[in-house]
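# have a look at this fold, sequence not included:
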């Protein structure tokens, strides 16, 4: 029922006449429940409102500029954290944006440093540097509480972000989250590699 209702809402977004349910987040609550709309009847003549996102850059002292696209909307906001070498124009990132548009919620998608439209060199990238990228997005762009959606490697990074910013992260959603695979790869590294700057890679 919730899926059907969400699909119907996604077809067009009315400019007004919408109400919102305040739903407490818990272990048995999904994103559909948390952000469930309570539509009131809208006039058939009301035109659809399609919000557009434009490419922007987050300037950071002594760190690469991060490319991002932000959709303004209601709280809680949603931040998509992509997988290894995935950029903000992937199918999951775009699908979640459409979902947020349909519900009127804020949304941010971005590229890691060294990936996509962001500055930086991929060969010099590490999980630690990408963790800083995620925290920069949360600290400098996100307003209010956030729901983090981590895909593959992004699942590992969203866990680190939640630990570092518990006051801003209200929920986590993993999409083929690769946290367990990353830990396994790290534990399999030879001892001599621990003194080096090493990036552990895993793609679900």
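Looks like it came in fine. From a predicted model like this one, the values you see are computed outputs, not experimental measurements.

# for the protein, what helix or strand is lowest in average pLDDT?
strand 18-20 (a mean of 33; mean pLDDT, DSSP states H and E).

# can you verify my assumption that residue 145 contacts residue 169?
Yes. The criterion here is C-beta atoms under 8 Å, and residue 145 meets it with residue 169 at 7.5 Å. C-beta coordinates here come from the backbone N, C-alpha and C atoms, glycine included.

# between those two, tell me which one has more neighbours.
residue 169 (21 against 14; other C-beta atoms under 10 Å).

# buried stuff in stretch 89-101?
Of all the residues in stretch 89-101, those buried under the rule 16 or more other C-beta atoms under 10 Å are 90, 92, 93, 96, 97, 99, 100, 101.

# my guess is the fifth one contacts residue 110, does it?
So that's residue 97. No. Counting by C-beta under 8 Å, residue 97 stays clear of residue 110, with 12.0 Å between them.

# what sits in contact with each of those two?
69, 80 (C-beta atoms under 8 Å, 6 or more residues apart in numbering).

# where do the strands sit along this protein?
Taking DSSP state E to define them, one finds strands in the chain at 18-20, 37-39, 56-60, 63-71, 74-81, 105-110, 146-151, 169-175.

# do you know which of the ones you listed lies nearest residue 124?
strand 63-71 (9.5 Å; C-beta to C-beta).

# within the sheet, what are the partner strands of that closest one, with directions?
strand 56-60 (antiparallel), strand 105-110 (antiparallel) (DSSP bridges).

# for residue 150, find the nearest of these.
strand 105-110 (12.3 Å).

# okay, angle between the closest one and strand 146-151 too, please.
Relative orientation of strand 105-110 and strand 146-151, computed by axes from the mean of the first three to the mean of the last three C-alpha atoms, to 10 degrees: 40 degrees.

# who's in contact with the closest residue to residue 88 other than its chain neighbours?
Distance criterion C-beta to C-beta, 6 or more residues apart in numbering; nearest residue to residue 88, sequence neighbours excluded, is residue 109 at 3.9 Å. Taking C-beta under 8 Å, 6+ apart, we find residue 109 in contact with 68, 69, 79, 80, 82, 88, 93, 96, 97.

# need these in JSON lines with pLDDT and distance to residue 157, can you?
Listed next are the contacts of residue 109 as JSON lines, based on pLDDT from 0 to 100; distance: C-beta to C-beta, whole Å:
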{"residue": "68", "pLDDT": "97", "distance to residue 157": "15"}
{"residue": "69", "pLDDT": "96", "distance to residue 157": "18"}
{"residue": "79", "pLDDT": "97", "distance to residue 157": "11"}
{"residue": "80", "pLDDT": "97", "distance to residue 157": "11"}
{"residue": "82", "pLDDT": "94", "distance to residue 157": "9"}
{"residue": "88", "pLDDT": "94", "distance to residue 157": "14"}
{"residue": "93", "pLDDT": "95", "distance to residue 157": "14"}
{"residue": "96", "pLDDT": "95", "distance to residue 157": "16"}
{"residue": "97", "pLDDT": "95", "distance to residue 157": "19"}
